[in-house]
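Asks: based on what follows, work out the 3D shape:
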Amino acid sequence: MAWASPVKEMFALKHAEHIADVVQKLKALPERDYECHVLTFEKLLVNISKALGSDDLRDNPINQQGKLLVSLIEEQKAQSSEGEQNLQSLLAQLS
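Replies: Numbers count the residues shown, from 1 in each chain. Predicted structure coming up:
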C-alpha cells in the first residue's frame, strides 16, 4: 500500500481548510452582497486577462472566462517555447 507523502497530506489539509473557510464566509453573506462577491472574483479574472494582454472577457460566464484564460496562457507558453527554439537555432547557425 502506497502512503501519501506528508507534503501532499499538508497540501490537501490546507486546501480543505481554505475551501471550508470560503464556504463559511459565503454562507454568512447577506443575499444583497452576493453580486459584490461575484464581481470581486470577476475583477480578479479581468486583472489576469489584462496582464496577459487579452480582450475583456466579461461578456462570458465566469467559468468560461477561466477556461479562456487557461487557453490563452497555454497558447502564450507555446509561442514562447517556439520563440526560444527559434532563437537557439539562430544562435547555433551563427556559431
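Asks: for burial, what's the neighbour tally of residue 65?
Replies: Using other C-beta atoms under 10 Å, residue 65 has 21 neighbouring residues. To be clear about C-beta, it is placed using only N, CA and C from the backbone, and glycine gets the same treatment.
Asks: give the contact list for it.
Replies: For residue 65, the contacting residues are 42, 45, 49, 57-58, by C-beta atoms under 8 Å, 6 or more residues apart in numbering.
Asks: now for the residues you listed: which two are most distant?
Replies: Farthest apart among the contacts of residue 65 by C-beta to C-beta are 42 and 49. That separation is 10.4 Å.
Asks: between the two, who's got more neighbours?
Replies: residue 49 (18 against 14).
Asks: not counting its neighbours along the chain, what's nearest that one?
Replies: Nearest residue to residue 49, sequence neighbours excluded (C-beta to C-beta, 6 or more residues apart in numbering): residue 57, at 5.3 Å.
Asks: for that neighbour, helix, strand, or coil?
Replies: coil (DSSP: H, G, I helix; E, B strand; the rest coil).
Asks: okay, it and residue 77: tell me how far apart.
Replies: Noted for residue 57: a distance of 18 Å to residue 77, by C-beta to C-beta, to the nearest Å.
Asks: ok, residue 51 next?
Replies: Relative to residue 77, and taking C-beta to C-beta, residue 51 is found at 14 Å.
Asks: and the residue located most distally from the centre of the chain, how far from residue 9?
Replies: Distance from the C-alpha centroid of the chain, by C-alpha atoms, centre = their mean, peaks at residue 95 (40.1 Å). From residue 95 over to residue 9 the distance is 49 Å, taken as C-beta to C-beta.
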